[in-house]
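[1] let me see the structure of the following:
(one chain, ligands or ions: 1)
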Amino acid sequence: MKTIDLNIQDAVYFAEKEYEALKDKSVEAITTLEEGTGAGNDFLGWLDLPSKTPETLVDRINATAERLRENCDYVVCVGIGGSYLGAKAVNFALADSFADFYAPKPKEPKVLYAGQNIGEDYLAELQKLLEGKKFGIVVISKSGTTTEPAIAFRLLKNQLEQQAGKDAAKDLIVAITDEKKGALRTMADQEGYETYIIPDNVGGRFSVLTPVGLLPIACAGHDIKKLLAGAQDMERTTLHPSPENPAQEYARLRNALYQSGKKIEILVNFDPKLHYFSEWWKQLYGESEGKDGKGIFPASVDFTTDLHSMGQWIQDGERTIFETVISVKKPALTHRIPMNASDLDGINYIADKRIDEVNKMAELGTKMAHVDGGVPNIKIEIPSLDEYSLGQLIYFFEKACGISGYMLGVNPFNQPGVEAYKKNMFKLLKKPGY
Ligand code: PA5
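    Residues are numbered from 1 along each chain as shown. Below is the predicted model of the structure:
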């Protein structure tokens, strides 16, 4: 199968000296990662997840998803951060853009999300939507103690038990959590929910290829075998140190750009379906690298939409940014611009063209303008937006993130900083013990 294509030619010359100097360090970093000798090496379970995921687990996940799909019009996935973003990214990328405006069909439930915010209106409106509806819950929390999903799950569990009865509700709730510890594990065991385990050695932001991501993706009707196949191929492609290893090269280049003063990386797409993929990517890189007073700030934009809002800054603002563009070679559908006799809008010069042809010229024109304006441009092309390509892309970014973090000199697998706000919040809420 065609692998994703990394093109660095419009970026590397912005930091040529640094890029050359980082050659050995990039080899060292990937070796450290593969040999498990670096900081955070008790969190490397994600490295061989694609090749080591047993078929029996995939079959069980598909069977659970099938049960929920048969019995629910809505499946609510409850989780936050690494327990939410991967599934949301894949489901959003693969869905019809207007799926939410169609009524649910038998065996094709809508997958909704909760526990990823503490919005009172959001939760109240979600519960209103679910009034009298057939719904199920996939509750996901590695620690089993995170406040946002705990609030959402408490509300939704009550509602489901009231609407379906306690016994039936039990079969419509699936918990994904730690094998032994945490409040969710205790509750799931007491209530008798079906459960899936989040491996101890896989951190939240690296967990999309565990049941954390796979079950919600299967619930939305997508092919998780193809997703894993793409990831497996990328696992093989990025296994060994080599100048041909795209993950190593991306990690090397972004560190070179960082050293040359490019402190912000903008992940760019020209396909709105990739919006949440960028959200997933931001967590992956932000939590992995932003520590010890270091780290590239990961930002994202959706083009051409944001060219009309952020385009000015990117073209002309402080020269501290570089961009990484995810380009989808071929859209799934064919749609052309119609001819119009009066041509009042003046776009007959592009009549009969496919819309994607215009999009691709916008992409090329933007790259030329940004590179001229001093913004290095890295391009990652995927053949099409499907499970296989997304699996490749996920593993590619995960692997590059581990390498890049080691090159930067941080532990890419911890996140001590995220506790600070929680301590304050708990104290303000008078949580016992704070
Ligand atoms: O990457 C992480 O570790 C975090 O984003 C967590 O995934 C997030 O805080 C949710 O944690 P949990 O799954 O324990 O509820």
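[2] switch to C-alpha atoms for all contacts and neighbour counts from now on
    Will do.
[3] same for the helix or strand harbouring Glu148, what does it pack against?
    Using DSSP states H and E, the element containing Glu148 is helix 147-164. On a contact count with 3 or more CA pairs under 8 Å, 6 or more residues apart in numbering; DSSP states H and E, helix 147-164 meets strand 74-78, helix 120-130, strand 135-141, helix 166-171.
[4] please identify the most buried of these.
    strand 135-141 (a mean of 28; mean count of other CA atoms under 10 Å).
[5] walk me through the domains of this protein.
    With domains defined by automatic domain parsing, the chain comprises 5-39+227-412, 49-226.
[6] which residue is nearest the centroid of the protein?
    With distances taken as CA atoms, centre = their mean, Trp280 lies nearest the centre of the chain, 2.9 Å away.
[7] that one reaches Ala87, doesn't it?
    No - counting by CA atoms under 8 Å, Trp280 does not reach Ala87; the two are 9.0 Å apart.
[8] distance of the spatially closest residue to the residue nearest to the centre of the chain that is not a sequence neighbour relative to the ligand?
    Distances taken as CA to CA, 6 or more residues apart in numbering place Leu85 nearest to Trp280, at 5.1 Å, with adjacent residues excluded. Separation of Leu85 from the ligand (CA to the nearest ligand atom, to the nearest Å): 9 Å.
[9] same check on Gln315?
    Computed as CA to the nearest ligand atom, the Gln315 to the ligand distance reads 32 Å.
[10] returning to that earlier point: tell me the confidence at the residue nearest to Trp280?
    If you check Leu85, the pLDDT there is 98.
[11] which ones are touching it?
    Tyr276, Phe277, Glu279, Trp280 (CA atoms under 8 Å, 6 or more residues apart in numbering).
[12] the second one: which element?
    In the assignment (DSSP H and E), Phe277 maps to helix 275-289.
[13] average pLDDT for that helix?
    Helix 275-289 comes out at a mean pLDDT of 98.
[14] that one packs against which elements?
    Contacts defined by 3+ CA pairs under 8 Å, 6+ apart place helix 275-289 against helix 85-94, strand 264-269, strand 297-302, helix 387-408.
[15] contacts for the helix or strand just after the last one next, please.
    Per DSSP H and E, the first helix or strand lying C-terminal to helix 387-408 is helix 419-428. Helix 419-428 is contacted by residues Tyr434 when judged by CA under 8 Å, 6+ apart.
[16] report the angle between the axes of helix 419-428 and helix 147-164?
    Per axes from the mean of the first three to the mean of the last three CA atoms, to 10 degrees, the angle that helix 419-428 makes with helix 147-164 is 60 degrees.
[17] how about helix 419-428, does it reach the ligand?
    No - on the criterion CA under 6 Å from any ligand atom, helix 419-428 is out of touch with the ligand, staying 9.2 Å away.
[18] flag the shaky bits of the stretch 301-434 of the chain, pLDDT-wise.
    Nowhere does the stretch 301-434 of the chain drop to pLDDT under 70.
[19] before we move on, back to that, can you redo the helices and strands packed on helix 147-164 as TSV with mean pLDDT and distance to Pro432?
    Converted to TSV, the helices and strands packed on helix 147-164 look like this (pLDDT from 0 to 100; distance: least, CA to CA, whole Å):
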stretch	mean pLDDT	distance to Pro432
strand 74-78	98	25
helix 120-130	98	23
strand 135-141	98	21
helix 166-171	96	30
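[20] so which of those comes closest to the ligand?
    Closest of these to the ligand is strand 135-141, at 3.4 Å (criterion: CA to the nearest ligand atom).
[21] dump that closest one to CSV, keeping only the CA atoms.
    Provided in CSV are the C-alpha atoms of strand 135-141 (Å, rounded to 0.1, in the frame of the first residue of the first chain):
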residue,chain,number,x,y,z
PHE,A,135,-28.8,5.3,23.8
GLY,A,136,-25.7,3.6,25.2
ILE,A,137,-22.5,4.9,26.9
VAL,A,138,-18.9,4.2,26.4
VAL,A,139,-17.1,5.7,29.4
ILE,A,140,-13.4,6.0,29.0
SER,A,141,-10.9,7.1,31.7
